[in-house]
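**Q** Predicted model follows, preceded by the sequence.
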Amino acid sequence: MARSRRPLIAGNWKMNGLTADALALAGSVAEGVKQAGWTDREVLICPPATLLVGIAEAVKGSGVLVGGQNCHAVVSGAHTGDISAEMLRDAGASHVIVGHSERRTDCGETDAVVRAKAEAAWRAGLMPVVCIGETLTEREAGRTLTVLETQLKGSVPAGATAARLVVAYEPVWAIGTGKTPTTAEVAAAHAHIRRVLSGLVPDANAVRLLYGGSVKGSNAGELLAVGDVDGALVGGASLKADEFLAIAKAA
Ligand code: PGA
C-alpha cells in the first residue's frame, strides 16, 4: 500500500559544527540525496543558526531542506541572543524545530511557549516540527500517554493542519542514550498522538509523526516500519553522512 504521508527524515545537529566540517557534512548529505533522487521522502538538516546561510547555499539544488533548531515567538525587538522565525526564513530555512526536550529542560520552555513559537513559525512561513515526549520517571509511573496528550494540547496551536504541522515524538530517556522504546511502545505512543490530534486538527490522519531518540542506520528500518511513524528526528547519527543517509534510505 502506498504511503499517504511522505516520510520526513530530519537531522538535528544540536550545538555541533564549525564551518569547514559542517559544510563538508552538508555537502556529503546533499550529494547522497541528489544521487538517490528521492521524490517519495524529504530530507531536512537543522544546523546551528550560525551555519544556516552557508548550508542553505551548499545544499541548493540537491533537494535537501534546511531548518532552524529554535526560534523566538516575536518578529524582532529587544531579545538579546534570540533569533526570530523570520530571521531563520531569511537565512534559507523552511522548517524549525520547536519544543525540543533539551530546550524544555535547559530553557524552561513550557507548552504555551512552544505553542507561541509554532505560531511564529507559521507567521514566517516555516513548518514547525513540534516535539513532545515523556521522561523516564513519567514512563515508569505509567503516565506516558497522559503526558503526551497534555503536551500536544498545550503545544499545538489552534488552526493547525497537516500542511503546516509536523509532530515529533521523542521519549526524553531515549535521546542520546542509545536506548529506544520497543516498536510496540512506539506504536502505542504514535497511535495515541494521532487520536489526540484528531480532536485538534481537521486532517489529523495526514499529519506526519516523526519518532526521535537514538535512531541510527541499524534500527531505522524497524522504527520507520511502525504504522504511524512517518519519519525520524535524528540527533547524533545526523552528524555522520553515511549513517544519516542510511536512515533516509530506510524510510
Ligand atoms: P539522538 O537525538 O538521535 O542523538 O538520540 C535525537 C534528538 O534529540 O532529536
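**A** Alright, I've got the coordinates. Everything numeric here is computed off the predicted structure, so don't read it as measured data.
**Q** residue contacts, the residue of the chain found nearest the ligand?
**A** Proximity of the chain to the ligand (C-beta to the nearest ligand atom) peaks at Gly235, 2.2 Å away. C-betas here are computed from N, CA, C, even on glycine. Gly235 makes contact with 12, 14, 175-176, 212, according to C-beta atoms under 8 Å, 6 or more residues apart in numbering.
**Q** which of those residues sit farthest apart?
**A** By the measure C-beta to C-beta, Lys14 and Gly212 form the most distant pair in the contacts of Gly235, at 11.8 Å.
**Q** Between those two, which is the more surrounded one?
**A** Gly212 (25 against 19; other C-beta atoms under 10 Å).
**Q** Contact residues of the stretch 151-251 of the chain facing the ligand?
**A** Within the stretch 151-251 of the chain, the positions near the ligand by C-beta under 6 Å from any ligand atom are 170, 175-176, 212-215, 233-237.
**Q** Mind checking which of the residues you listed are buried?
**A** Buried members of these, scored by 16 or more other C-beta atoms under 10 Å, are 170, 175, 212-215, 233-237.
**Q** Could you dump the contacts of Gly235 into CSV and include pLDDT?
**A** Shown next, in CSV, are the contacts of Gly235 (pLDDT from 0 to 100):
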residue, pLDDT
Asn12, 98
Lys14, 98
Ile175, 97
Gly176, 96
Gly212, 98
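**Q** Just the ones of those residues in strands?
**A** Within the contacts of Gly235, residues falling in strands by DSSP state E are 12, 212.
**Q** Thr150 and Thr105: what is the separation?
**A** Per C-beta to C-beta, to the nearest Å, Thr150 is found 16 Å from Thr105.
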